[in-house]
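*Asks:* Kindly return the folded structure for what I paste below:
(one chain, ligands or ions: 1)
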Amino acid sequence: MTALTERPLPAAGPDGVNPSRARPAVRALYTRPALTAGDLGAPLLVLPDGHSGAGSLPGAVHLSDVRRTVNRWSGLGIGGVKVFVLGHDRDIAATAAVSADNLMVQAVSAIGAAAPDLAVTTEVCGCSWTSSGECVLRTRAEDIDLDATYRLMGEMAVQHAEAGADVVSPTAMLDGSVRAVRAALDDGGFRDVGVNPNLAIHTTLYGPFKALMATDPATGHRRGLQLEPGRAQRDAVVQARRWIVEGADSLTLQPVMTAVDVLVRLRADQEAPLVAYSTSGEWPALRQLGSEGMTEYLAMLRRAGADHVLTFAAEQVATYLERNPG
Ligand SMILES: [Zn+2]
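*Replies:* Residues are numbered from 1 along each chain as shown. I've put the predicted structure just below:
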């Protein structure tokens, strides 16, 4: 008889199949769904009624179509929506960003009425509302006016919270802005509204969004407010820690198609919930994958460490998951 120490490695299961994969009941014991509709969030790009850009990206809709759209998403089990609006009445001080009943207030109110189960996140940034298309306000000498920008972002956050936002998302990576937004929310009595700032890497993958929402600065660029691709892994970790210290309770990384390495690195460093934002420039490529391929891509982002995936493919993938359970 062969001594135990001389026995060969255990053989595979019947037909070479590993026991943990052999029977459906055992697979079910050890595995969880790679992706569910509840993991997904959909960007909602709200346009004034009559604007010609509706339908140019999934989720780009007129204000009057917001209710119908979020109702459909909620019915599919999609977990959240992130609201961006095409700002109107733009001026140098972004006055309309905090005007009563502006497009953001109307959109958030409409979502709350139509789909109260959806988690609502709003973008807080100047670029939809400044005549320059810049994220920040400037002094006469063209320096960033920090106080005025912080004040604007704080007021926007409170206004969005009053309209029903669950989370506000400061978009420009301006140090001090998360602290300012957190303080404004606390002072306004909105301690339970979350702050989810960005870790935004410079990329061409914001293109379709910027073109539709007219948020490209008229002159120059915003690389000072973004992470440099060549340093993105380390800089994202540094910035994420800073945001947490300033009062962030979750974080968004964008884009992800060209930054999965950054997502993995962030996950290893951060316990806070991470949102992976598959940005507008990823959509034409995702489309080529078809529903099944898109689903695999988004599942990969979950596996790589995202707690939540914000994607223009949300509705198509949620529909696919509904039709193809398991
Ligand atoms: Zn901006």
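
*Asks:* got the buried residues for the longest helix seen in the chain?
*Replies:* The single longest helix within the chain, with elements called by DSSP state H, is helix 283-304. Buried residues in helix 283-304, counted by 16 or more other C-beta atoms under 10 Å: Trp283, Leu286, Ser291, Met294, Thr295, Tyr297, Leu298, Ala299, Met300, Leu301, Arg302, Ala304. All C-beta spots, glycine's among them, are computed from the backbone N, C-alpha and C.

*Asks:* Same check on stretch 49-64?
*Replies:* For stretch 49-64, a neighbour-count test (16+ other C-beta under 10 Å) marks His51, Gly53, Ala54, Leu57, Pro58, Gly59, Ala60, Val61, His62, Leu63 as buried.

*Asks:* wait, what's in contact with the first one?
*Replies:* Yep, that's His51 we're talking about. His62, Leu86 (C-beta atoms under 8 Å, 6 or more residues apart in numbering).

*Asks:* Please read off the pLDDT at it from the model.
*Replies:* We note a pLDDT of 95 for His51 in this prediction.

*Asks:* Got phi/psi on it?
*Replies:* phi -70, psi 140 (degrees, to the nearest 10).

*Asks:* next one: Thr311
*Replies:* phi -150, psi 140.

*Asks:* For it, give its distance to the ion.
*Replies:* 20 Å (C-beta to the ion, to the nearest Å).

*Asks:* can you offset everything so residue one is 53?
*Replies:* Let's use 53 as the start, then, which means that last one is Thr363.

*Asks:* Share the number of residues neighbouring the nearest residue to Gly333 once chain neighbours are set aside, please.
*Replies:* Residue nearest to Gly333 in three dimensions, not counting chain neighbours: Leu257, with 3.2 Å by C-beta to C-beta, 6 or more residues apart in numbering. Residues near Leu257, counting by other C-beta atoms under 10 Å, number 22.

*Asks:* hang on, Leu257 packs against Pro281?
*Replies:* No - taking contacts as C-beta atoms under 8 Å, Leu257 lies outside contact range of Pro281: 10.9 Å.

*Asks:* Identify the contacts common to those two.
*Replies:* Contacts common to Leu257 and Pro281, judged by C-beta under 8 Å, 6+ apart, are Thr310.
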